[in-house]
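# model the structure of this input:
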Amino acid sequence: MPEAKKGDQVSIHYTGRLNDGTVFDSSDGSEPLVFVLGTGQVIPGFETAVMGMNAGDSKTVKILAREAYGARAEDLVMNVDRGQIPEELDIEVGQRLQMEKPDGETMRVTVTSITDEIVTLDANHPLAGEDLTFDITLVKIT
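Residues are numbered from 1 along each chain as shown. This is a model prediction of the structure:
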């Protein structure tokens, strides 16, 4: 039986959990996740975990933050003058927004606090700094 290797397209069912057991993502009840190994379509630790699996194999793996979404970077947290946020935008804590960087590229940010004067935005990935646990089942290799 062939093992999953770089260049293979794989179909995976998975459930991802935080250290406290909270499920943050799952393919339960939906189609499997399909990606090509070795192309960076998924986090590095997930890709490494799938390498060498056979169709039908299941495993549980812990992926450290550095092999997932990286460490939190405090320089990606910014305080913005409330007046710089368009008035028609009814923002709330936890909301995800897109911002344009000076170079024209867009980035996603999360509103983490709001006062009358300041809005705090966090451009870190929501799972940055988190170790993650995944239950993985390799459905097929193509």
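
# can you map out the helices along this protein?
Using DSSP state H, the helices found in the chain span residues 44-50.

# domains in it, by residue range?
Following automatic domain parsing, the chain resolves into domains at 9-70+127-141, 74-122.

# span of the first one from start to end?
Translated: domain 9-70+127-141. By CA to CA, to the nearest Å, the extent of domain 9-70+127-141 from end to end equals 6 Å.

# follow-up on the earlier one: most tightly packed of the domains of the chain?
domain 9-70+127-141 (a mean of 15; mean count of other CB atoms under 10 Å). C-beta here means a position set from N, CA and C on the backbone, and glycine is covered the same way.

# please tell me how far residue 36 sits from residue 9.
5 Å (CB to CB, to the nearest Å).

# same question for residue 68.
From residue 68 to residue 9 the distance is 22 Å (CB to CB).

# repeat that for residue 50.
11 Å.

# pull up the overlap in contacts between these two.
Here residue 50 and residue 9 share the contacting residues residue 37, scored by CB atoms under 8 Å, 6 or more residues apart in numbering.

# other residues contacting the helix-or-strand element of the chain with minimal mean pLDDT?
Lowest by mean pLDDT, DSSP states H and E among the helices and strands of the chain is strand 96-100, with a mean of 90. If you take CB under 8 Å, 6+ apart as the criterion, strand 96-100 is touched by 89, 91, 106-111, 121, 123.
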